[in-house]
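> Starting from these lines, generate the structure:
(one chain, ligands or ions: 1)
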Amino acid sequence: MLKLSGEALANDKGFGIDPEVVNRLCQEIKRVTSTGVEVAVVVGGGNIWRGLKGSAGGMDRASADYMGMLATVINSVALQDGLEKHGVDTRVQTAIEMRQVAEPYIRRRAIRHLEKGRVVIFAAGTGNPYFTTDTTAALRSAEIEADVMLMAKKHTNGVYDADPKLNPNATMFTRLTYNDVLQKELAVMDNTAITLCMNNNIPIVVFNIDVPGNIEKACFGETLGTLIERR
Ligand code: UDP
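Residues are numbered from 1 along each chain as shown. Presented below is the predicted three-dimensional model:
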């Protein structure tokens, strides 16, 4: 399971969808699928819209979150387009039905697609407001029994003990337990997501997506970024 933040598709300013960036990501995903690894993707929507930002501006939180979920569909379709340009069979499954755009999320069908070598992109988050796409990735990982959840981050190599942008002495963890993340309140992902991974024993690798080749390295277990697991 590859979790891409919406920002991973964006230009330098972190907004919108940059076709060149999408193209590079798709090339990397293609390299992984061509080795026979089954790849599912959850992509966020933060490059277009975040529910919390909308509600901070006075919007109803649920409405703002639905807008965020729709943003993830836009990103998912962009990614599908990029992958198919590289000849990679891809299906988008949405948690909110929009059959003209994508298949509805059906777990068993998703697993069949993966078995057939298709990349499955899970769009529209969990379909529920008040959740994030990190939680979506954890949930879908559990549902499809993913071996690992790869958290691709921009501008950072892994999980640090302090914000490296603000503190030059911040050090990166190479290994953490789920409990470390919860107890130290490390800003990796929200607690719902980390708890789901903990309860279902899904290892997480947090790594830098800006470095070409990292998706492949993370997939094949090269030491990279921060590994979060039980022990
Ligand atoms: N969202 C939601 N429910 C979900 C997943 C996402 O309401 O199950 C909304 C939420 O408003 C969130 C937005 O979609 O802010 C975009 O997702 P996220 O912030 O996780 O994207 P990322 O930070 O990964 O780009």
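
> going forward, measure contacts between C-alpha atoms and count neighbours the same way
Will do.

> what packs against the helix or strand of the chain with the lowest mean pLDDT?
Sorting the helices and strands of the chain by mean pLDDT, DSSP states H and E puts helix 51-56 at the bottom, at a mean of 89. Contacts defined by 3 or more Cα pairs under 8 Å, 6 or more residues apart in numbering; DSSP states H and E place helix 51-56 against helix 61-85.

> how far out from the middle of the chain is the helix it packs on?
Its chain's C-alpha centre and that of helix 61-85 lie 12 Å apart, by Cα atoms, centre = their mean, to the nearest Å.

> Report the mean confidence score over that helix.
The predicted model assigns helix 61-85 a mean pLDDT of 98.

> So which elements touch the following helix or strand past that helix?
Sequence-wise, the next helix or strand downstream of helix 61-85 (DSSP states H and E) is strand 90-94. In terms of contacts (3+ Cα pairs under 8 Å, 6+ apart), strand 90-94 is packed against helix 61-85, strand 103-104, strand 119-123.

> what sits up against the longest one?
Spelled out, it's helix 61-85. Outside helix 61-85, the residues that touch it by Cα atoms under 8 Å, 6 or more residues apart in numbering are 6, 9, 17, 22-23, 26-27, 29-30, 42-46, 48-52, 54-55, 89-92, 94, 121-125, 127-130.

> and if you look at stretch 13-30?
Stretch 13-30 is contacted by residues 7-11, 39, 47-48, 75, 78-79, 82-83, 86, 88, 212-213, 215-216 when judged by Cα under 8 Å, 6+ apart.

> Pull up the distance across stretch 37-54, start to finish.
38 Å (Cα to Cα, to the nearest Å).

> ugh, wrong one, I meant stretch 176-195
Stretch 176-195: ends 14 Å apart by Cα to Cα.

> Just the buried positions in that stretch, please.
Buried residues in stretch 176-195, counting neighbours by 16 or more other Cα atoms under 10 Å, are found at 176-179, 181-182, 186, 188-195.

> Show the contacting residues for residue 101.
Contacts of residue 101 by Cα under 8 Å, 6+ apart: none found.

> How about the secondary structure of it?
Put simply, residue 101 is coil when judged by DSSP: H, G, I helix; E, B strand; the rest coil.

> ok, so what distance separates it from the ligand?
18 Å (Cα to the nearest ligand atom, to the nearest Å).

> Flag every residue of this structure that's near the ligand.
Residues of the chain lying close to the ligand (Cα under 6 Å from any ligand atom) are 5-7, 44-47, 50-52, 64-66, 68-69, 125-134, 136.

> Stretch 6-15: which residues count as buried?
Applying 16+ other Cα under 10 Å to stretch 6-15 flags 6-11, 14-15 as buried.

> Backbone dihedrals for residue 17, please?
The phi and psi values for residue 17, taken as degrees, to the nearest 10, are phi -120, psi 120.
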